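Q: build me a model:
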Amino acid sequence: MLEDKQIKESLQEIAKTWNEVLDAFFLKAGLQSRQILVLGCSTSEVIGHHIGQGSSLEVAEVLLPPLLDRAKQQGVFLAVQGCEHINRALVLERACVEHYRLEEVTVLPALNAGGAMTVKAWEGFSSPVMVERIQGHAGIDVGDTFIGMHLRPVVIPIRIHVKELGQAHLTMARTRPRLIGGPRAAYA
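A: Below is the predicted model of the structure:
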């Protein structure tokens, strides 16, 4: 088991890496105002546990505030995906739900049913609402939580120099409109 000093040092390193990830992500994602960024994050995986086996509010407290700040600066909506125990429902701001005319569902995220990130999002959002499904414009997946079901087609991977956050595998993506038509079609 890690000592308190080791945990603090580990969280500081995770915070530093996370800020690098966010810099690179927002540079490459090309998000526009009022678009939706989906976050799936296993705080368990970040600290080296099996997904769903060690949810950490401490990790969520390190990761969520800088992401919320950047989302607000960019004018984008943040959607935080919960685990399968709440059918991967997402925490959103009510303004996003109203803007996209999404259907609200009734469930409250908990540490063992939703995960630490949804608990912290519920606490940190000004007017949190749960929804069952969305079609986000970009996403960050920490720990292989499989956010793809909540992204619009067509998904384009975003590749950066960082491949892991703590002990968790890291993937990121943006989306683009589908290309339609035949051999005579032109694309911008």
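Q: what sits against the residue nearest to Val97 when sequence neighbours are not counted?
A: Sequence neighbours aside, Val129 is the residue nearest to Val97 in space, at 4.8 Å (criterion: C-beta to C-beta, 6 or more residues apart in numbering). C-beta: built from backbone N, CA, C; applies to glycine. Neighbouring residues of Val129 by C-beta atoms under 8 Å, 6 or more residues apart in numbering: Val91, Leu92, Glu93, Arg94, Val97, Glu104.
Q: now do 10 Å
A: The neighbourhood of Val129, defined by C-beta atoms under 10 Å, 6 or more residues apart in numbering, consists of 90-98, 102-105, 122.
Q: and what of Trp122?
A: By C-beta under 10 Å, 6+ apart, Trp122 lies in contact with Val80, Gly82, Val91, Leu108, Pro109, Ala110, Gly114, Pro128, Val129, Met130.
Q: just the element for it, please.
A: Taking DSSP states H and E as the criterion, Trp122 maps to helix 116-124.
Q: gap between the residue nearest to Val97 and His99?
A: Between Val129 and His99 the computed distance is 12 Å (C-beta to C-beta, to the nearest Å).
Q: what of His49?
A: Using C-beta to C-beta, His49 is found at 36 Å from His99.
Q: what ranges do the helices span in this protein?
A: 4-29, 43-46, 57-74, 94-100, 116-124 (DSSP state H).
Q: most packed of those?
A: helix 43-46 (a mean of 26; mean count of other C-beta atoms under 10 Å).
Q: cool, thanks, signing off.
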